[in-house]
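Engineer: here is a sequence together with a model predicted from it:
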Amino acid sequence: MQNFVYDQLPYRVVFGAGAFDRIADEADRLGLSKLLVLSTPGQAHLSEEAGRRLGARVAALYPHARMHVPVETAEAARAEARRLGSDGAVAIGGGSTIGLAKAIALESGVPIIAIPTTYAGSEMTPIYGLTEGGTKKTGRDMKVLPRAVVYDPQLTLGLPAKVSGPSGMNAIAHCVEALYAENANPVTSLMAEEGIRALARSLPQIAADPGNRDARSDALYGAWLGGISLGAVGMALHHKLCHTLGGSFNLPHAETHTIVLPHAVAYNSKAAPEAMKRIAVALGAKEAASGLYELASAVSAPLALKEIGLKEQDLDRASEIATRNPYYNPRAISREGIRRLLDDAFHGRRPAT
Ligand code: NAD
């Protein structure tokens with residue numbers, strides 16, 4: 001066994017159908033009575049539902065979260081939290097809404113109660129991101145780690161199939177990179193492998209029937225494990241590429257992860273053979289990279305970067321940005337290797353291992 005350091009973050013998770021009805025108990029446990037309840041405008045009905053359950057503990061509903069947390073959106077929400085004297089934030093939605101709560105907590109230190117409705121995993125991490133002038137900057141701060149996370153699979157029943165598949169692949173990406181992380185440890189690896197297994201079996205069922213309650217529960221469980229993996233250990237090439245493509249070319253987050261993942265795994269396959277074996281076993285596939293590609297096609301997710309708005313002339317610049325600063329990856333990063341990887345992802349070719 002390799003030497004390792006294991007550092008457990010202080011999580012509290014309430015999981016299960018109907019868990020949403022217990023959010024007032026979570027607020028009381030944290031002693032919160034002036035909550036700002038956040039959602040996107042499209043999910044304002046969910047912030048209203050949360051407001052009904054929280055009753056007099058609500059200072060205001062704030063359905064103004066936007067994708068990638070633009071600084072102006074963060075500033076406006078912080079100003080509202082200050083004006084109301086809020087003592088906590090409730091975020092109901094995906095990574096964008098939880099990201100807005102994190103922006104508030106980063107400034108004021110107020111506790112967050114997160115109620116995730118996608119599989120992105122932000123609720124389990126002390127990582128925040130803010131976008132300014134088209135560039136997304138991320139950082140880590142324990143102030144932004146939600147103090148309570150309420151996972152209720154019933155809230156995900158309305159997540160459309162075309163959002164669910166890529167969102168689940170995003171969670172798988174966290175698990176995959178945790179298995180070959182520089183600071184991987186046996187406990188996080190167990191969770192990561194189990195996360196892949198849970199998502200690989202549930203996502204095709206959800207694609208066929210988005211209302212399948214057991215599959216929704218399984219997928220949310222896998223997403224939780226993906227979030228833990230992302231928060232616990234460092235990520236590598238795949239997350240770096242997706243950050244570059246999302247931040248500099250404004251590509252959609254989960255779809256970008258879905259398309260790049262099989263190719264990043266193919267790139268790393270020979271350098272991380274043990275991780276690849278575990279990924280393949282968890283997927284129930286012969287081989288990791290092609291197994292991920294097949295899973296993405298089984299959930300009808302996009303397979304090519306050209307389908308989601310990248311231009312072929314952007315590939316050189318993307319390779320340049322993604323290789324500009326050194327970072328850990330099991331296989332050495334070369335500009336030509338990354339250019340080839342992106343070319344394969346651009347055209348949606350089956351990954352070559
Ligand atoms: P998102 O929050 O933008 O949600 C995607 C879309 O789905 C939105 O239009 C949203 O309104 C809709 N939606 C969400 N839940 C729904 C539901 N149950 N029913 C119907 N529609 C629903 O996207 P995301 O993929 O959840 O999160 C992506 C963002 O989160 C990115 O900005 C990413 O960088 C960030 N993120 C951060 C971390 C972290 O640790 N800090 C981790 C993962 C993702």
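Structural biologist: Yes, it's here. Numbering: from 1, shown residues only.

Engineer: enumerate the positions of the lowest-mean-pLDDT helix or strand in the chain that are buried.
Structural biologist: When each helix and strand of the chain is scored by mean pLDDT, DSSP states H and E, strand 135-140 comes last, with a mean of 88. Going by neighbour count (16 or more other CB atoms under 10 Å), the buried part of strand 135-140 is residue 136. To be clear about C-beta, it is placed using only N, CA and C from the backbone, and glycine gets the same treatment.

Engineer: residues from the chain in reach of the ligand?
Structural biologist: Within the chain, the positions near the ligand by CB under 6 Å from any ligand atom are 40, 42-43, 67-68, 93-97, 99, 117-118, 120-122, 125, 127-129, 155-156, 158-159, 163, 167, 230, 253-254.

Engineer: just the buried members of the residues you listed?
Structural biologist: Members of those classed as buried by 16+ other CB under 10 Å are 40, 43, 67-68, 93-97, 99, 117-118, 120-122, 125, 127-129, 155-156, 159, 163, 167, 230, 253-254.

Engineer: which of those fall within helices?
Structural biologist: Taking DSSP state H, the ones among these that sit in helices are 95, 96, 97, 99, 163, 167, 230, 253, 254.

Engineer: tell me which stretches of the protein form strands.
Structural biologist: Ranges of strands in the chain, per DSSP state E, are 13-15, 35-38, 58-62, 88-93, 112-116, 127-132, 135-140, 148-151.

Engineer: which one in this protein is furthest away from the centre?
Structural biologist: The outermost residue of the chain, judged against the average C-alpha position, is residue 56 (31.6 Å), by CA atoms, centre = their mean.

Engineer: now for the residue lying closest to that one once chain neighbours are set aside: which residues touch it?
Structural biologist: Spatial nearest neighbour of residue 56, chain neighbours left out: residue 33 (7.5 Å); criterion: CB to CB, 6 or more residues apart in numbering. Residues near residue 33 by CB atoms under 8 Å, 6 or more residues apart in numbering: 27, 56, 57, 87.

Engineer: now do residue 199
Structural biologist: Counting by CB under 8 Å, 6+ apart, residue 199 makes contact with 119, 168, 169, 171, 172, 175, 218, 219, 222, 223, 226.

Engineer: just flag the most distant two among those.
Structural biologist: 169 and 218 (15.0 Å; CB to CB).

Engineer: who's more crowded, the two?
Structural biologist: Neighbour count, other CB atoms under 10 Å: between residue 169 and residue 218, residue 169 has more, with 28 against 21.

Engineer: contacts for stretch 203-221 next, please.
Structural biologist: Outside stretch 203-221, the residues within contact range by CB under 8 Å, 6+ apart are 15-17, 116, 119, 151, 153-154, 156-161, 164-165, 168-169, 198-199, 201-202, 295, 298-300.

Engineer: give me the pLDDT for residue 259.
Structural biologist: With respect to pLDDT, residue 259 scores 98.

Engineer: what separates it from the ligand, distance-wise?
Structural biologist: Residue 259 is 14 Å from the ligand, where distance means CB to the nearest ligand atom, to the nearest Å.

Engineer: pretty sure that residue sits against residue 293.
Structural biologist: No - at 9.6 Å, residue 259 does not count as touching residue 293 under the criterion of CB atoms under 8 Å.

Engineer: show me whatever sits in contact with both of the two.
Structural biologist: residue 303.

Engineer: quick one, which of these two is more surrounded?
Structural biologist: Taking neighbours as other CB under 10 Å, residue 259 and residue 293 compare with residue 259 leading, 29 against 24.

Engineer: what residues are up against that one?
Structural biologist: Residue 259 makes contact with 296, 301, 302, 303, 304, 305, 307, 308, 345, 348, according to CB under 8 Å, 6+ apart.

Engineer: and the pLDDT for residue 194?
Structural biologist: So residue 194 comes in at 98 (pLDDT).

Engineer: and it, how far is that from the ligand?
Structural biologist: Distance of residue 194 to the ligand, given as CB to the nearest ligand atom: 19 Å.

Engineer: pLDDT weak spots in the stretch 51-200 of the chain?
Structural biologist: Scanning the stretch 51-200 of the chain for pLDDT under 70 picks out no residues.

Engineer: quick check: longest helix of the protein.
Structural biologist: Secondary structure of the chain per DSSP H: the longest helix is helix 186-208.

Engineer: separation between residue 65 and residue 99?
Structural biologist: From residue 65 across to residue 99, the span is 8 Å (CB to CB, to the nearest Å).

Engineer: and what of residue 155?
Structural biologist: Look at residue 155 and residue 99: by CB to CB, they are 18 Å apart.

Engineer: equivalent analysis for residue 340, please.
Structural biologist: Residue 340 is 32 Å from residue 99, where distance means CB to CB.

Engineer: equivalent analysis for residue 132, please.
Structural biologist: Between residue 132 and residue 99 the computed distance is 14 Å (CB to CB).

Engineer: next, count neighbours for residue 336.
Structural biologist: If you count neighbours by other CB under 10 Å, residue 336 ends up with 9.

Engineer: same deal with residue 14?
Structural biologist: Look at residue 14: counted by other CB under 10 Å, it has 18 neighbours.

Engineer: hang on, isn't it packed against residue 148?
Structural biologist: Yes - the pair residue 14 / residue 148 is scored as a contact, 6.9 Å apart, by CB under 8 Å.

Engineer: which neighbours do the two have in common?
Structural biologist: Counting by CB under 8 Å, 6+ apart, the residues touching both residue 14 and residue 148 are residue 26.
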